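Trainee: from the sequence below, what's the structure:
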Amino acid sequence: MFFILFLVWVAAELFVIVRVAEAIGVLLTILLLIAAWPLGMWAMRSEGRVVWRRFNAALAEGRPPGREVVDGALVALGGGLLMVPGFISDFAGLVLLLPPTRMLVRAGLVRNFQHRLVARAGRFAGSARAPGAGRAGAPGPADVDGTATEVDPPQLRP
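Mentor: The predicted structure is shown next:
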């Protein structure tokens, strides 16, 4: 599946490069493709510094830096996409590097992962029920009275 998506992406990139070359010329197209690499490096460094400062500020404030970690990953991915030759990857890289659009991507990712996490946790909780606990989703028997007992250390085997 991954290989097929990769082939489709490469074919789409080549198609767009040919169309742009027909519209603005081959030399200017090559210059644009080459110029994206240093632009990606610069943008990744500058946005990376901003994200790193926010990450350190979150740690100093004692709050979890979840947002900053996601932003750091998106900045790294965006810079990497800008360094890959092609206009589609350049556009995707710019979307991930610009703070307003990165915020939208981050919100979508967080919402998607929260939904998946809740769904998996629900499945896990449902599969952890004791046998014969009733219908699916119903709580199973629980050890409410605390039937665990203490064992004296001499009775324990080494």
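Trainee: in contact with the residue nearest to residue 97 when sequence neighbours are not counted, which residues?
Mentor: The shortest distance from residue 97 to any non-neighbouring residue, by Cβ to Cβ, 6 or more residues apart in numbering, is to residue 78 (4.0 Å). The way it works is simple: take the backbone N, C-alpha and C, and place the C-beta from them, glycine included. When contacts are counted by Cβ atoms under 8 Å, 6 or more residues apart in numbering, residue 78 touches 40, 43-44, 47, 92-97, 102.
Trainee: same thing but 7 Å
Mentor: Taking Cβ atoms under 7 Å, 6 or more residues apart in numbering, we find residue 78 in contact with 93, 96-97.
Trainee: ranges for the helices of this protein?
Mentor: Secondary structure of the chain, counting by DSSP state H: helices at 2-24, 26-61, 66-83, 87-97, 99-127.
Trainee: please save the CA atoms from the fourth one in CSV.
Mentor: What it means is helix 87-97. What follows is helix 87-97, C-alpha atoms only, in CSV (Å, rounded to 0.1, in the frame of the first residue of the first chain):
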residue,chain,number,x,y,z
PHE,A,87,5.9,21.5,-6.1
ILE,A,88,3.3,19.4,-4.3
SER,A,89,5.8,18.6,-1.5
ASP,A,90,6.8,22.3,-1.4
PHE,A,91,3.2,23.4,-0.9
ALA,A,92,2.7,20.8,1.8
GLY,A,93,5.9,21.9,3.5
LEU,A,94,4.9,25.5,3.5
VAL,A,95,1.5,24.6,5.0
LEU,A,96,3.2,22.8,7.8
LEU,A,97,5.8,25.6,8.4
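Trainee: okay, buried residues for it please.
Mentor: The neighbour-count check on helix 87-97 (16 or more other Cβ atoms under 10 Å) flags 87-90, 92-97 as buried.
Trainee: could you provide these in JSON lines, with additional columns for pLDDT and distance to residue 59?
Mentor: Shown next, in JSON lines, are the buried residues of helix 87-97 (pLDDT from 0 to 100; distance: Cβ to Cβ, whole Å):
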{"residue": "87", "pLDDT": "95", "distance to residue 59": "38"}
{"residue": "88", "pLDDT": "95", "distance to residue 59": "36"}
{"residue": "89", "pLDDT": "94", "distance to residue 59": "32"}
{"residue": "90", "pLDDT": "92", "distance to residue 59": "33"}
{"residue": "92", "pLDDT": "94", "distance to residue 59": "30"}
{"residue": "93", "pLDDT": "92", "distance to residue 59": "28"}
{"residue": "94", "pLDDT": "90", "distance to residue 59": "29"}
{"residue": "95", "pLDDT": "91", "distance to residue 59": "28"}
{"residue": "96", "pLDDT": "91", "distance to residue 59": "23"}
{"residue": "97", "pLDDT": "88", "distance to residue 59": "23"}
